[in-house]
Every structure is written in structure tokens, then in C-alpha cells.
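Participant: need a structure here:
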Amino acid sequence: MEMSEYKEIFKVESEEHLQQLNEALLGLEQNPNEMEYINNMFRSAHTLKGMSATMGFNTIAELTHEMENIMDMIRKSQISLTEKIIEIQFECLDTLEMLVENIDDPDAVDVSTLQCKLHSITIPPSNVQDTMTVPAPVTKLMDPAPAKNIDNGIPASQSTNITEPLPCKEVMSKEIEFTREELAEIQHARSNDQEVFTIKVLLDESCVLKAARSSMVLMNLDKVGKIIKTKPSEKEIEDEKFDFSFVVVAATSESMGSIQQMIENISEVKKVELMILYPQEETTDAHTEDITKGKNVDPTNKNTIQQKKNESLKTGQSIRVNIERLDNLMNLVGELIINKIRLNQLATSIKSKDLEEALGTLDRLTNEIQTEVMGSRMVPIDQIFSRFPRMIRDLAKSEGKQINLMIEGKEIELDRTVLDEIGDPLVHLLRNAVDHGIESPQERAKAGKSPEGLVRLAASRQRNTVLIEVQDDGKGMDPSKLRDAAVKKGLMSKEEVSKLSDEEALNLIFLPGFSTNSVITDVSGRGVGMDVAKTKIESLGGNVSVRSVLGEGSIVTLQLPLTIAIIQSLMIKTAGETYAIPLNNVVRDVGIRSKDIKTIEGQEVILLRGEVLPLLRLNSILDCPVEVDDKENLIVVVVEKMGNHFGFVVDELLGQQEVIIKSLDSKVLRSVKGFAGATILGDGTVCLILDIGTLV
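Facilitator: Numbering: from 1, shown residues only. Take a look at the predicted model:
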């Protein structure tokens, strides 16, 4: 593997650890007394430091070391957590992100000022240094006695030496010895109906960043339970002072099977062995000793049964795959589907039972391959959503506002290609909600609202689409003010805006150059954000809609396809040519009579289900030559754009079909509006896919 490949791995994993640090620091800011956030930060920072030192990126290693020092001092109660420390830690994270981004040019980022700030905390003046040291607490254990301690249920002892190993008969594993304090934790977990077990982890011999992999294991275990002991120690593991295997003793309420699978899914973990360390039921010493030796004393014991199931689990691994490889794989699947359709068409002219059976099997296998490839491209939307709490926090502070960000549906999955494209639109929508939507605490108090505004970011699944909502409980949008702003900006005339309904006036915010801000700020005022968001979403085959109630807030809804590689389409024919309309744009298809068509201000319309529906002749829009059409009955495909309905008059409906999108990469075709791409039909002909967003 080339050094450049190591760097890419380092950058990807560093970004993950920095995100975890961001999330933990945000949590710590909201809950300063929750030391678990400090522990999570400490582990992520230490892992990042070890990775950086291994790769020779000393500036990153030194900076994370300083962060560790601060967190360690807070953990030991040597300093208090203050707003200043929180701000400096956030500044550290921002600097680390820049250092990782400029990994080949570390001098591009100046860290000297930041290091001075860190040293002012970690290296106090000598005259106060002694007063800041807090002696470590001494744990006192009581003498052995028949009675049990109320807190943990362990036999009492007077010994204060908690580091001295117990005699062999009390040691519950051959590979690891326990102190009385650790035994107390084990017994305490047991008394709370938690399973306690050892996890032996073996890393692949080719693993480069052992510390990073082992820390990922420990962090995952921390999320579901408590780590009681490791061998080697956690510090030795993080410093890579171990071979490729280590043992962890953990207490957890989760099932062993799910724990094992979770660890096995970590890249470069070769093997995971789990064994129950202590049964939940009361047992004699002999029983305990037999279990630790691996003997099945009671075949009906639920822990023993679970252990057998875990032993039968096969080792699974996950690997990182470049998105380009997945794109290539998807293209090959697309070609396979096209050829499958072609074979099915040819088979209709050949009546052969054997051929039909073979094609049936091919069809099933092709569908399964397509499903698996599509699934491999799907990633949780949380990968995008997790970036926003920090952004909203910083934006709220700069605007002098109090904002509670609520995130829902983080587990919803989207195609990686779609996910990569929606980050910027969501940034614009969220910034707009904070800047334009949420009022200042003073304004909210006058309106009888809570000083803290609510911004809600939610994802949900709806058939073959994903809905993302950006909602705020701010002042809402006034349609009359939007009309005035459009006229003032020269985007529309007074006569034009007067004809807009309130719902249509809300869509003015998506016009290029539209803004209600008279002053341009770092956040908004240029009138490009909402336009960029709408354009990007529609380029993905999605839709954008907005609703608002004055004084109560607004909600912008994005409707996105699960994937943009393979889509369901309605195949139509006009002027002798076949076209595909993405099904998520189609509302319905209807038959109408030509005599029912009316004309309003030069626009053909028809009254359909109580709605005035504008009609568009598709052959005219596409400038396709056609003979004089005097049909009495016409076919109309009703489509939707930004909540408005339009009717395309077409010659023929060919039915629904799954099509593979081929992008129009040619410089000439790329500038042509109205087409989202092309596909190849089963007979080998090329079919253009219509882009409703630019056609209407």
C-alpha cells in the first residue's frame, strides 16, 4: 500500500474521531456535570494522537495531547469546566479539522496562538500550581465478613490495597487477574442483572493503525456497557504496546450476539471470542470455577445456551470501499439489467420452455444482485445530520439567539451519491431558519414564546422517496412582504405579484437574487442560498415545497429519491419518440376531450377535479415536428413541481419501467435544459429522461 493510501485512511478515520469529539463537546456544554462526555472525548483524542504520531503528523499529535491534558485535569477536578475552556476546545477541533484537511501542508495552519491559550490553562503560574492539585480519593474497603456491602453486595474487607491481585482461587479467568475493586464492579453488575463476560479480540496482522482499531472496539463497548479491565491496560493498548490481540472484561445488558457482531464489523478485526465470566444466578465457587474453565455445568442455563449460539457465529468483517468502485459496480449492474430486458424481449418471439426457465432464474439473480449493490451504497443520513449541531450552536451564538436543534430519523438510509449532494442545501435551509425564522429572545418574549427557539430537522421514508423537513417555530413568512421584496429586487412587477396566491408567494424565496434582508451578512442577504438549495434538490430528481404560518413558523420539505442510479419511470411516446418521466414527479394520468380545453391569457387549461390545470404540449416544448393533431381524445400526464400541478399532453403511454440513468457528460448536451439524463432500452435504442424541474 502506498503512503498516499495510508493518508486517505488516516483522513477518513480522523474525520470520524473529530466528529465524535464535536458531539461529545456539544453534550458536555449542555451537561457540564456528565463526566461520560469527558471520557468519550479523552478516548477519541488519545486515539487521534496515537494515529497522528504513528503517521508522523506531529502538530496534530501535540495539539490533541494538549486537549487530553485539559480533559484529564477536569476529570481529576484540578480545574473547573468553564465557558472559556469549552470555547478553546471548540477552537482546537476547528484547527484540527484544518490540519487534517491540509495534511500535506501543515505550515498552512498557524497553531501558535491556540497553543498559547492551551498552555495558559494546562501550565498555571508556579505560585498557584500547588493549590490546584487535588489529591486522588482513597477507596476504603472493609474486612471480610458474612454480611454484604449494601452498595455492591461483595464480601467486605479492610484492605486499602486495591491493586494487589487476589489469590488464584478467586481469579475468574486464566488470562486476566482482578483486584478486589474490580471484583466489586463485577459483582455490582451481576446484582443489577447484567451479563459480565470477557471479549478476546484478534486484529489482522496487516493492521497498520492498531491503536485506532483497538480504541474503536473499546469505544463501541463503552456505548453498551462498562469496561472493567483490559489486558494489556487501556493505555498500553492505546500506545500500541501489544501484539495483535487483547482481552477486555465488560459488563453489559446487551445480548452477547449483538455485541460480537458489532465488534466483528469493525474493519481489520480478524476474530472475536466471547465467554461469560460470571453467571447471573447465584452459584458456588466450584460452579464459578467450572464455568471459567469453559465447562457446561448446566446445559439448560440461558447464558450457556447463548454462549453456544455465539460460538457458532461466523466471523464477519467490514471494509472501506472507494465510492468510484461502487459507481462502476452499479454501472455494470445497469448494463446487466439492460441486457436482461433485451433477452426477455427476444424470448417473446421464441417459444421455448427451457429458455423461459433459464430467463426466469436470470431475472431473479439479476434482481438480487441489483438489491445487494443498491444496499451497499446506502448509508445512514446521520452522516450528514451529525454535522449540524455544531453549526447551529456556533450560528446561534453569533446571532445572539437561543436555539434547540431537534434531529429525527437519523437511521434513514440514502444512496451515498444523493447523501453527498444534499449537505449544502441543508446548510442553506438551516441557516435560513436560524437567521430569518427564529426571533431574538427579546422578540420571542414579547410574542409570548419561550426564549429558546426550536429548529427541527427530520427525515422519514415514504415509499421510494425520503422526506427531509426543516422546521422552525419562529415568526413565519408574510406573503405580502415577500411580494414587496420581489418587486423591490426587480424580480417581478407589481402586476405579476398581485396575481400570486399566498401559497405561490411563499415560493418567491427560491427565486435567484431574492432576499428580504436589507443588509448583507456572513449568514444571508445575497439571495443565493434558497435558490441553490432548490436547484440542487431538483437536479437530483427531487422536489422542494414550503409552508408557513405567520407568527408560528415555517417548514421546508425536501422530497428525494432513494437513489439516482436506477429509477422507476413512466414511459411515454410523443411525435414518434419515446421518453421517460421519473415516477416521483408523476401525480396521475388521465384522458380528456379536446373540446373541454379552454384558453386563459394564451395558456391552455382544463378543469380537472375542481382544479384549473395548465396544459403543455410536450411535442411543442421539445420542438418535435408533428402532423396537425385533431384528436378528440387526448392523454394527459399530470406532474408536480413545487406543489403546483401541470399536465403534459402526450401521444401514448407505454407503461412503467425501471431505467438506468446515464448522465449527459458531453459539453454540448450538459447545457441543454429539460433532460436529467438518458437510458438504453431493451431493444438498444436510447431514450431521454425528462427533467420536470427545468421543463416546466
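Participant: okay, now S480: neighbour count?
Facilitator: 11 (other CB atoms under 10 Å). No exception for glycine: its C-beta is placed from N, CA and C like everyone else's.
Participant: what's the helix or strand for it?
Facilitator: According to DSSP states H and E, S480 maps onto helix 479-488.
Participant: what comes up buried for the one helix or strand E495 maps to?
Facilitator: According to DSSP H and E, E495 maps onto helix 494-498. Across helix 494-498, burial judged by 16 or more other CB atoms under 10 Å covers V497.
Participant: Could you confirm L81 falls within a strand?
Facilitator: No: L81: not assigned to a strand; according to DSSP: H, G, I helix; E, B strand; the rest coil it is coil.
Participant: In contact with E238, which residues?
Facilitator: Neighbour list for E238: 46-47, 50, 211, 214-215 [criterion: CB atoms under 8 Å, 6 or more residues apart in numbering].
Participant: can these go into CSV with extra columns for distance to Q89, secondary structure and pLDDT?
Facilitator: Listed next are these as CSV, based on distance: CB to CB, whole Å; DSSP: H, G, I helix; E, B strand; the rest coil; pLDDT from 0 to 100:
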residue, distance to Q89, secondary structure, pLDDT
H46, 15, helix, 83
T47, 17, helix, 83
G50, 19, helix, 80
A211, 22, helix, 81
S214, 25, helix, 85
S215, 19, helix, 82
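Participant: how about the residues you listed, which pair is most distant?
Facilitator: Greatest spatial distance in these: H46 and S214, 11.1 Å, computed using CB to CB.
Participant: Which one's more surrounded, those two?
Facilitator: S214 (29 against 23).
Participant: Could you verify my assumption that that one touches F246?
Facilitator: Yes: here S214 lies in contact with F246, judged by CB atoms under 8 Å, at a distance of 6.2 Å.
Participant: intersection of neighbour lists for the two?
Facilitator: Joint contacts of S214 and F246 (CB under 8 Å, 6+ apart) are 201, 237.
Participant: P625 belongs to a helix?
Facilitator: No: counting by three-state DSSP, P625 is not part of a helix but coil.
Participant: I'd like to know how many residues surround the closest residue to it other than its chain neighbours.
Facilitator: Using CB to CB, 6 or more residues apart in numbering and skipping the chain neighbours, the partner closest in space to P625 is A575 (6.7 Å). Neighbour count for A575, taken as other CB under 10 Å: 18.
Participant: Contact partners for A575?
Facilitator: Counted by CB under 8 Å, 6+ apart, A575 has contacts 619, 622, 624-626, 651.
Participant: thinking again about what came up before, JSON lines for the contacts of E238, including distance to E36?
Facilitator: Converted to JSON lines, the contacts of E238 look like this (distance: CB to CB, whole Å):
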{"residue": "H46", "distance to E36": "16"}
{"residue": "T47", "distance to E36": "17"}
{"residue": "G50", "distance to E36": "21"}
{"residue": "A211", "distance to E36": "22"}
{"residue": "S214", "distance to E36": "20"}
{"residue": "S215", "distance to E36": "16"}
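Participant: rewinding a little: run through who's touching the helix holding E495.
Facilitator: Everything outside helix 494-498 that qualifies as a contact, by CB under 8 Å, 6+ apart, is 483, 486-487, 505, 508.
Participant: Excluding chain neighbours, what is closest to T685?
Facilitator: T578 is the one closest to T685 (CB to CB, 6+ apart), at 7.2 Å.
Participant: are any of the contacts of A575 buried, and which?
Facilitator: Using 16+ other CB under 10 Å, the buried members of these are 619, 622, 651.
Participant: can you redo the residues you listed as TSV with distance to G551?
Facilitator: TSV is the format used below for the buried ones among the contacts of A575 (distance: CB to CB, whole Å):
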residue	distance to G551
N619	48
L622	45
D651	50
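Participant: what mean pLDDT does the helix or strand hosting T694 have?
Facilitator: Using DSSP H and E, T694 sits within helix 692-695. When pLDDT is averaged over helix 692-695, the result is 77.
Participant: D415: what's it in contact with?
Facilitator: 374, 377-378, 561-565.
Participant: Tell me the confidence at it?
Facilitator: For D415, the pLDDT comes out at 85.
Participant: Compute the distance between it and G674, please.
Facilitator: 24 Å (CB to CB, to the nearest Å).
Participant: N328 now?
Facilitator: 28 Å.
Participant: quick one: which of the two has more around it?
Facilitator: With neighbours defined as other CB under 10 Å, N328 and G674 compare such that G674 has more, 14 against 11.
Participant: Run a quick neighbour tally on the nearest residue to the more buried one once chain neighbours are set aside.
Facilitator: Closest residue in space to G674, ignoring its immediate chain neighbours: L695 at 4.7 Å, by CB to CB, 6+ apart. As a burial measure, L695 scores 20 neighbours (other CB under 10 Å).
Participant: tell me the contacts of L695?
Facilitator: By CB under 8 Å, 6+ apart, the neighbours of L695 are 616, 621, 673-674.
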